[in-house]
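*Asks:* After the sequence you'll find the predicted model.
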Amino acid sequence: MSMLPQLLFTGICIGSIYALVSLGFVLLIRAANIVNFAQGQFSMLGAYFMVILFASLGLNYGLSLFLAVVLMAVFGVLFACVSYWPLRDRNPIAVIISTIGAGILLDNTVLAAYGPSPQVLRGLFEGEGFLVGPIYMDSQYLSIIVVTAVLVSLQYLVFEKTTIGKKIQATSQDREMAAILGIPTALIVMGIFAYSAALGGLAGILIAPILYVSVGISALIGVKAFAANIIGGFGSIPGAIFGGLIIGIVETLGAAYISVPYRDAFAFIILIIVLLVRPQGLFGERISEKA
Amino acid sequence: MKLLEIKGLTARYNAGEVLKGLDLCVEEGEIVALLGSNGAGKSTTLRAISGLMANVSGEIVFNGAPILGLKTAAIARLEIAYVPEGRRLFPGLSVRDNILLGSSNRRGAPATQLKKEVDAMFDFFPDLKALEHAYAWTLSGGQMQMVAVARGLMAKPKLLLLDEPSLGLGPKIVQQVFKIIAEIRQRGTTVLLVEQNASVALAVADRAYVLDAGVLLVSGTPNELWGNKQVRAAYLGGLAASA
């Protein structure tokens, strides 16, 4: 039992990464009504940008981080222009397929450039960590949790308390009506793509010191973030966060107490249970809200 | 002065042509009603004015400048507000936020000023005051219509386009809505109104156009239209008893 607090800490940290990526996922569902299956690739790409800027070009860590996140935002807009914009008035399935295709293209482009061997990236702080009671607080794990908490709070404030946040919500609830009121909906959707890519990229950079940087990050994170979103309730912002945390905690505990090789299966076991017991997810929206 | 002038407007959906060369004008300060049966092209006319129709040709001139081909949001910024059929409130936002977002076309309007205007809207629609923080989806049809109109007014429109404001509302609420429409005009806003319920529309309108299958059948003042036996029988007939 003495391991439990430490495992919970680790689980929350891993879960925070899933939550960040899932958040980007949910925002795109809400603002543009699209399911972006290249969300995991955003994380992978962010980590590789960091490898290029920090490890290869030798820029200072803070500057590299800043540039990598900005590059990801720009990339998000490019991604939108290529794989979403031309299909925006088509069946949503067309966009889903297009994002899957874009994801495969991105994975293989990076694979061609860097090969399969993982790259090493150091963490945010060079210091190691410290003990708080029974928990060893690794500096990277701790920074992941803090960054996630700060971003989630900021985003909540922006969405609920500012006019721009309300315009984003309006755009997601009825895009044509938002345009009728004079809200620049195309700009808002592009902004969400940029933010969502930056969020995914940041998650990739934060997890890189723990998982190493490889193309495998895409599938690992993308699929778990998607599962987090279903568990939390499709399109729900609190659902994305709690769904991510639940997966992180359960897979960490499952790996420790049940089976290490089955680590990645635990997310899907919860997914199946939630779909059976509560198909709308933990924070599923009332149907009447969508009507 | 002509605020809105439409010449030879044609519009089509995939299924076929809905408007076949419509001419229409709205003078500043008027309430003009567009009447006609289902599928006559009334709502399509409003959608075309708001830039929501992809396949349109002809001319739409607002305040002296052509607007056909402009994007929907750009047209909103010219101070044309459109209250579409079915109210189309944002279900997950509060009544206050729905009303506030009506001002999205007025870029640069200070937030404190807008807050005051929303408060003034609650004075104008006192029934909504108690619902200020309720989600829009919890409202009744009549309340939703009031919010939709209030949201339209927050645009400070020169021209207010109202699509079927009476649809789905009980007779008492319909009277209340039309009383408000008359008041809106008195405050200096021009109104172009689409209505199935011809008798209530003609009670407030200065002039009306009757459309039939995408073309203009007849236009005139309410008295002229009531006096035209053919029109009365075909388009106003079913409702004449209630007038």
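*Replies:* On my side now, so go ahead.

*Asks:* how many other residues sit next to residue A:135?
*Replies:* Residue A:135: 18 surrounding residues under other Cβ atoms under 10 Å in any protein chain shown. Where you see a C-beta, it was placed from the backbone N, CA and C, and this is true even at glycine.

*Asks:* tell me the phi and psi of the closest residue to chain B within the stretch 1-150 of chain A?
*Replies:* Among all residues of the stretch 1-150 of chain A, residue A:89 sits closest to chain B, at 9.2 Å; criterion: Cβ to the nearest Cβ. Main-chain dihedrals, residue A:89, degrees, to the nearest 10: phi -100, psi 10.

*Asks:* wait, is residue B:10 part of a helix?
*Replies:* No - using DSSP: H, G, I helix; E, B strand; the rest coil, the assignment for residue B:10 is strand, not a helix.

*Asks:* which residues touch it?
*Replies:* B:17, B:19-22, B:56-58 (Cβ atoms under 8 Å, 6 or more residues apart in numbering or on different chains).

*Asks:* That one and chain A, how far apart?
*Replies:* 22 Å (Cβ to the nearest Cβ, to the nearest Å).

*Asks:* re the thing from before, taking the contacts of residue B:10 one by one, which sit in strands?
*Replies:* The strands, defined by DSSP state E, take in B:17, B:19-22, B:56-58 from the contacts of residue B:10.

*Asks:* And the buried ones among those, selectable in PyMOL?
*Replies:* Remark: buried members of those, expressed as a PyMOL selection using 16 or more other Cβ atoms under 10 Å in any protein chain shown:
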select buried, chain B and resi 19+22+56+58
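
*Asks:* Just give me the closest of the ones in strands among the contacts of residue B:10 to chain A.
*Replies:* Distances from chain A to the ones in strands among the contacts of residue B:10, taken by Cβ to the nearest Cβ, are shortest for residue B:56, at 16.1 Å.

*Asks:* How about the nearest residue to that closest one once chain neighbours are set aside: which residues does it bridge to?
*Replies:* Spatially, and ignoring its direct neighbours in sequence, residue B:56 is nearest to residue B:11 (4.6 Å; Cβ to Cβ, 6 or more residues apart in numbering or on different chains). In this entry, residue B:11 is beta-bridged to residue B:19, residue B:56, by DSSP bridges.

*Asks:* So residue B:11 sits against residue B:41, correct?
*Replies:* Yes - using Cβ atoms under 8 Å, residue B:11 is in contact with residue B:41, at 7.3 Å.

*Asks:* Who has more neighbours out of these two?
*Replies:* With neighbours defined as other Cβ under 10 Å, residue B:11 and residue B:41 compare such that residue B:41 has more, 26 against 21.

*Asks:* What's the first helix or strand after the helix or strand harbouring residue A:230?
*Replies:* Assigned by DSSP states H and E, residue A:230 belongs to helix A:216-232. Note on helix A:216-232: by DSSP H and E, the next helix or strand toward the C-terminus is helix A:237-257.

*Asks:* Give me the angle between that next one and helix A:216-232.
*Replies:* 120 degrees (axes from the mean of the first three to the mean of the last three Cα atoms, to 10 degrees).

*Asks:* Please see if helix A:237-257 touches chain B.
*Replies:* No - with Cβ under 8 Å from any Cβ of the partner chain as the criterion, chain B is not reached by helix A:237-257; the gap is at least 11.4 Å.

*Asks:* got the residues of chain B near chain A?
*Replies:* So chain B meets chain A at B:50, B:52, B:71-73, B:76-77, B:82, B:84, B:88, B:90-93, B:97, B:100-102, B:104-106, B:111, B:135, B:137, B:151, B:155 (Cβ under 8 Å from any Cβ).

*Asks:* Around residue A:234, how many other residues sit close by?
*Replies:* Neighbours around residue A:234, by other Cβ under 10 Å: 19.

*Asks:* for residue A:186, same thing?
*Replies:* Neighbour number of residue A:186 under other Cβ under 10 Å is 16.

*Asks:* does residue B:68 really touch residue B:56, like I thought?
*Replies:* Yes - here residue B:68 reaches residue B:56: they are 6.4 Å apart, a contact under Cβ under 8 Å.

*Asks:* between these two, what contacts are shared?
*Replies:* Contact criterion Cβ under 8 Å, 6+ apart; residues shared by residue B:68 and residue B:56: residue B:48.

*Asks:* which residues in chain B form strands?
*Replies:* Under DSSP E, chain B gives strands at B:2-13, B:16-27, B:31-36, B:55-62, B:65-66, B:80-83, B:159-163, B:190-194, B:207-212, B:215-220.

*Asks:* now what about the fifth one, what contacts it?
*Replies:* I take that to be strand B:65-66. Taking Cβ under 8 Å, 6+ apart as the rule, strand B:65-66 contacts B:59-60, B:78.

*Asks:* Next, the angle helix A:216-232 makes with the strand or helix carrying residue A:94.
*Replies:* Here residue A:94 sits within helix A:92-114, counting by DSSP H and E. Angle, helix A:92-114 to helix A:216-232, by the same axes, to 10 degrees: 150 degrees.

*Asks:* now the helix or strand following helix A:92-114, how far from the chain's geometric center?
*Replies:* Note on helix A:92-114: by DSSP H and E, the next helix or strand toward the C-terminus is strand A:129-132. When C-alpha coordinates are averaged (Cα atoms, centre = their mean, to the nearest Å), strand A:129-132 and its chain have centres 27 Å apart.

*Asks:* Alpha carbons only: can I get strand A:129-132 in CSV?
*Replies:* Output in CSV follows, covering the C-alpha atoms of strand A:129-132 (Å, rounded to 0.1, in the frame of the first residue of the first chain):
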residue,chain,number,x,y,z
GLY,A,129,13.1,16.3,-7.6
PHE,A,130,12.3,16.2,-4.0
LEU,A,131,10.4,14.1,-1.4
VAL,A,132,7.1,15.3,0.0
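
*Asks:* Would you mind identifying the next helix or strand past that strand?
*Replies:* strand A:135-138.

*Asks:* So what touches that following strand?
*Replies:* A:5-6, A:9, A:128-131.

*Asks:* That strand pairs with which strands?
*Replies:* Strand A:135-138 has these strand partners (DSSP bridges): strand A:129-132 (antiparallel).

*Asks:* To which secondary structure element type does the residue of chain A found nearest chain B belong?
*Replies:* Shortest chain A-to-chain B distance, computed as Cβ to the nearest Cβ: residue-wise this is residue A:182, at 2.9 Å. Assigned by three-state DSSP, the conformation of residue A:182 is coil.

*Asks:* and the helix holding residue A:94, which residues are buried?
*Replies:* A:95, A:98-99, A:102-103, A:106-107, A:110, A:114.

*Asks:* go on, stretch B:114-129?
*Replies:* Neighbour-count burial for stretch B:114-129 [16+ other Cβ under 10 Å]: B:114, B:117-118, B:121-122, B:125, B:128.

*Asks:* now, which of the residues you listed sits nearest chain A?
*Replies:* residue B:114 (8.4 Å).

*Asks:* Give me every residue in the stretch 51-200 of chain A lying close to chain B.
*Replies:* Counting by Cβ under 8 Å from any Cβ, the residues of the stretch 51-200 of chain A near chain B are A:163, A:166-167, A:169-170, A:173-174, A:176-185.

*Asks:* Check those for burial and list the buried ones.
*Replies:* A:166-167, A:169-170, A:173-174, A:177-185.

*Asks:* Let me see the contact set for residue A:264.
*Replies:* Residue A:264 touches A:220, A:224, A:251, counting by Cβ under 8 Å, 6+ apart.

*Asks:* follow-up on the earlier one: of the contacts of strand B:65-66, just say which sits nearest to chain A.
*Replies:* For those, the nearest to chain A is residue B:78 (9.4 Å; Cβ to the nearest Cβ).

*Asks:* The closest one: how many residues sit nearby?
*Replies:* So residue B:78, with other Cβ under 10 Å, has 16 neighbours.
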